[in-house]
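Participant: let's see this in three dimensions:
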Amino acid sequence: MRPLARRTAASRLTAIMALGLASAAILGAIPAHAAAGARTVGGHNRAGLTTARPQQSGPRDWPAYLYSNQHPSFAAADTGIKVGNVGHLVRKWHFRGDPATQAGQPGPGFLASPTVSGGAIYIGSNTGWFYKLNESTGGVLAKRFLGFQTDPHCVTKGIIATATVATDPNDGQQTVYIAAPGGFLYALRASDLSVKWQSVISTAAGFFDWSSPTVINGRIYVGVSSNCDAPLVPGGLMSFNQVTGSRIATFSVMPPGARGGSIWSSAAAGPAGDIYVTTGNPVPGGVNGHADSILKLNRVTLALRGSFTVPTSQLIPDSDFGASPVIFGKYVGACNKNGVFYAVNRFTMKLAWSVRVTAKNTTHHKLCIAGSAYDGRSLYLAGQSNFVRGKLFRGSLTSVNATTGAVKWRTGLPNGVNGTPTINGSGIIAVGTYLTSTVPNAVYLVDASNGKILRTVASGQQDFGQSVFANGGIVTANLGGVTRWGFVTH
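Facilitator: Model prediction:
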């Protein structure tokens, strides 16, 4: 483990991954495109299977990371799983993914979250393969190798960012947008995963694609962050033309020449189109810039329009915002690694309220990097260790009033949570655990009205991504594979 005083969400994950993933430092098969800007690539994907033209995303699909551009992680139209029938869920299919076949390639498994659209599931794997799976059967409809990334200072990693499926405004076709290892943003045809264009995000030493793309109004927004702090890179946000892949604008978190301020998370877009991002820490002892902040940016120019920075008295040695921001009413908010969720007025960018999500001063992990689910009334906040009715748990899920931050209920979990909880229209929450302990990790299905744990699924594997509700079922992805859960039909 690196002897750094400050460690980001990425470096903490790297340390955890080192327990179970291959970490040989041999250069992997990464697309070698050095020129900045976009390249258009024609032809079919020879690595995959050509399929029919995909259907448009439906109201019960889950087409992007955290569900939509406002990041509610709430599938309001999907009501198939209820308190009364959750016990009847069965595993419909399980997909393991391709094994490692190259020297230095990381092992199989999934750290990205699934995207569901038009009868298919799109997801990238730790081995570097990106898949289109049949939602009903789990069969591989197409696949494309996007590579993995090696670094002498970091654990070898494949695809961690989650894909977004959206309509190309130029040709009207469903297109998959994914940030992949090697510093490239791809637009893939949803039909067969052939490449429409690819564009450089960054090829700087130490960069890694953690941020999932946000697609809105013909633009794609992607964060710029380091791999595992060795070295930190100048953090920022970039926007790209959705049709051509050309870079439009760049926002730098730090002053020229300064490093740090990574944007590990994914950008959110408010109803008026303003862009919100959360930022990481600067280089220890360096200038602060706009680090450790929630920022409001102009959607066209990415000029700064307002900011909230964690008060100095509340900073810890590693005060990253690893969690993506969520838009709820007139507020935007996110959980900081110090264990506090901050709700900020979007119009003034002043703090409205805050609530502690993880315990303070405990011997267990107290990290908070999960995003938040929002169902229109309550926020559901997850993190690592906390006290519930006087007992210390390694993980927790908390429901708070979205207007005041008042705690409604808090449920203890046997392991910590790194991935964002999700909720469906029937009030069922899915939250997966990730940390290593004597208790196997699992996805916990919880009653949103009272915090009662109803059952678990996908037991035995670490869940870094989020489980998603779609079309009456739930899709989980973890180091063991992708699984769809549903009901027996007669």
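
Participant: how many neighbours does residue 271 have?
Facilitator: Here the neighbour count serves as a burial measure; for residue 271 (other Cβ atoms under 10 Å) it reads 10. (C-beta placed from N, C-alpha, C; glycine too.)

Participant: on the pLDDT front, check it for me.
Facilitator: Per-residue pLDDT puts residue 271 at 93.

Participant: how close does it sit to residue 326?
Facilitator: 13 Å (Cβ to Cβ, to the nearest Å).

Participant: with residue 95 instead?
Facilitator: Counting by Cβ to Cβ, the gap from residue 95 to residue 326 is 29 Å.

Participant: follow-up on the earlier one: overlap in contacts, residue 271 and residue 326.
Facilitator: Between them, residue 271 and residue 326 share these contacting residues under Cβ atoms under 8 Å, 6 or more residues apart in numbering: residue 70.

Participant: which residue is the nearest non-sequential neighbour of residue 136?
Facilitator: In space, not counting the residues next to it along the chain, residue 136 is nearest to residue 119; the distance is 7.2 Å by Cβ to Cβ, 6 or more residues apart in numbering.

Participant: gap between the one you found and residue 180?
Facilitator: Distance of residue 119 to residue 180, given as Cβ to Cβ: 24 Å.

Participant: still on that earlier bit, between residue 95 and residue 326, who's got more neighbours?
Facilitator: When residue 95 and residue 326 are compared for neighbours, residue 326 comes out ahead with 28 against 20, by other Cβ under 10 Å.

Participant: re the thing from before, the more surrounded of residue 119 and residue 180?
Facilitator: Comparing residue 119 with residue 180 by other Cβ under 10 Å, the one with more neighbours is residue 180, at 28 against 15.

Participant: quick one, phi/psi of the more buried one?
Facilitator: The main-chain torsion angles of residue 180 are listed as degrees, to the nearest 10 and equal phi -120, psi 160.

Participant: you'd agree it is up against residue 124?
Facilitator: Yes. With contact taken as Cβ atoms under 8 Å, residue 180 and residue 124 are classed as touching, separated by 7.0 Å.

Participant: shared neighbours, those two?
Facilitator: By the contact definition Cβ under 8 Å, 6+ apart, residue 180 and residue 124 are jointly contacted by 130, 146, 159, 161.

Participant: TSV for those residues, including neighbour count, pLDDT and distance to residue 263?
Facilitator: Shown next, in TSV, are the shared contacts of residue 180 and residue 124 (neighbours: other Cβ atoms under 10 Å; pLDDT from 0 to 100; distance: Cβ to Cβ, whole Å):
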residue	neighbour count	pLDDT	distance to residue 263
130	27	98	22
146	27	97	21
159	27	97	18
161	25	97	12
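
Participant: quick check: residue 308 is in a strand.
Facilitator: Yes. Using DSSP: H, G, I helix; E, B strand; the rest coil, the assignment for residue 308 is a strand.

Participant: what's near enough to touch it?
Facilitator: For residue 308, the contact set (Cβ under 8 Å, 6+ apart) comprises 293, 294, 342, 344, 349, 350, 351.

Participant: got any ranges where the stretch 251-400 of the chain has weak pLDDT?
Facilitator: Flagging of the stretch 251-400 of the chain using pLDDT under 70 yields the residue ranges 361-365.
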